[in-house]
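Q: Generate a structure from the sequence data that follows.
(chains A, B and C)
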Amino acid sequence: MVLPTSPQPVAGTALDGLHDAVCDWYAASSRPLPWRRPTTTAWHVLVSEVMLQQTPVDRVAPVYEEWIARWPTPRALAEVAPGEAVRAWGRLGYPRRALRLHASATAICERHDGEVPRDLEALRALPGVGEYTAAAVAVFAYGQRHAVLDTNVRRVLGRVLGGDALPAATMSVAERERARSALPADTATAARWSIGLMELGALVCTARAPACSVCPIRDGCRWHAAGRPAYDGPARRGQTYAGTDRQCRGRLLAVLRDAEGAVPGSALRQVWDDATQRERALDSLLDDGLVVNVGDDEYALPGT
DNA sequence: GAGCCGTGGGG
DNA sequence: TCCCCAAGGCT
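A: Sure thing, here's the model as predicted:
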């Protein structure tokens, strides 16, 4: 008999009940999303996770299908110009993600022989892959045991374990530790728990109108037991958009995306009146590498 | 660590 | 209508 070298969860605790309830609920109620097919590869998972950063599932699905059909491997994507990735990104938003995915494909070919790395730190080193996405790939593609803390999981755990309506703006060490402690000891169970929590947050324990009446872990939820108290933290910053540089960048890039090749500056001037802001936005797009100058007052997506 | 980076749908 | 937000990451 080997003594545990670190604290192990005690069998038969309330946590075990939560684990079972969430895993059972997921088995019965999860959505058949395109990236959950048996044929899904680690590369497909990475593509889906980056697309899903701040973009709803319904809008991601069709673009994801196009991407994996066209670029089924990192090498396939790395072989085309980055501008092709930006164009195929369509209107998912935050188009720098397309550029980063292309850069990740290149890095995976150069550093990992074309295979998406399994190691958390190697994943984290890829452009556009942060703490969440690295854990998501490690868990969803490779079945490892890590806490996967996206906005859904943070909200669910915050309610169930913390009794809070909504998670704090920034993640604390204590929050990470709480999530880690709540992981099932068994690796395969932990992976199902992680994806189950995420799905629960997306379908039941939502931000606006949580459906506690159908929640599989309502009875173990601190927030529900406390009468679902309202969020009492600091006011959250609404993201302004109309008239901002972001909107201007979006307009300019849409012109490039919808054109065959290079576009004259006049076409860009047409979609935004404020010259100062327009030039500032164009400069930032050039800085980001989303747009390149291909001649006198001519612009294009990179490499196209 | 606050602010920035797109887009569209629902309450 | 307006506001909020939806599987974050980077500086």
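Q: show me what contacts residue A:302?
A: A:81, A:82, A:83, A:86, A:99, A:289, A:290, A:291, A:292 (CB atoms under 8 Å, 6 or more residues apart in numbering). C-beta: built from backbone N, CA, C; applies to glycine.
Q: Neighbours of residue A:294, how many?
A: 14 (other CB atoms under 10 Å).
Q: where does the residue of the stretch 51-200 of chain A found nearest DNA strand B fall, helix, sheet strand or coil?
A: Using CB to the nearest atom of the strand, the point where the stretch 51-200 of chain A gets nearest to DNA strand B is residue A:93, with a distance of 1.9 Å. For residue A:93, the assignment made with DSSP: H, G, I helix; E, B strand; the rest coil gives coil.
Q: Skipping adjacent residues, who's closest to it in space?
A: Leaving out its chain neighbours, the residue that sits closest to residue A:93 by CB to CB, 6 or more residues apart in numbering is residue A:55, at 5.8 Å.
Q: ok, that neighbour to residue A:49 distance?
A: Using CB to CB, to the nearest Å, residue A:55 is found at 11 Å from residue A:49.
Q: right, and residue A:193 touches residue A:20 too?
A: No: Residue A:193 is beyond contact range of residue A:20, at 9.6 Å (criterion: CB atoms under 8 Å).
Q: which of those two has more neighbours?
A: More neighbours surround residue A:193 than the other of residue A:193 and residue A:20, with 26 against 15 (other CB under 10 Å).
Q: Ramachandran coordinates for that one?
A: Here the main-chain torsion angles of residue A:193 (degrees, to the nearest 10) amount to phi -60, psi -40.
Q: what's near enough to touch it?
A: A:19, A:22, A:23, A:183, A:184.
Q: what does residue A:146 give?
A: A:120, A:135, A:138, A:139, A:183, A:190, A:194.
Q: 10 Å instead, please
A: Counting by CB atoms under 10 Å, 6 or more residues apart in numbering, residue A:146 touches A:120, A:131, A:134-139, A:179-180, A:183, A:187, A:190-191, A:194.
Q: swap in residue A:279?
A: A:248, A:265, A:268, A:269, A:272.
Q: From those, which land in helices?
A: Taking DSSP state H, the ones among the contacts of residue A:279 that sit in helices are A:248, A:265, A:268, A:269.
Q: Buried residues in the host helix or strand of residue A:20, which are they?
A: Assessed by DSSP states H and E, residue A:20 sits inside helix A:14-29. For helix A:14-29, burial by neighbour count (16 or more other CB atoms under 10 Å) applies to A:15, A:18, A:19, A:21, A:22, A:23, A:25, A:26.
Q: which of those lies closest to residue A:227?
A: Set against residue A:227, the nearest of the buried residues of helix A:14-29 by CB to CB is residue A:18 (20.3 Å).
Q: residues touching the closest one, list them.
A: Residue A:18 neighbours (CB under 10 Å, 6+ apart): A:160, A:161, A:182, A:184, A:193, A:197, A:216, A:217, A:219, A:220, A:221.
Q: Shouldn't the second one be within a helix?
A: Yes: for residue A:161, which was evaluated using three-state DSSP, the result is membership in a helix.
Q: State the number of residues packed around it.
A: Using other CB under 10 Å: residue A:161 sits among 19 other residues.
Q: swap in residue A:200?
A: 25.
Q: Equivalent analysis for residue A:166, please.
A: 17.
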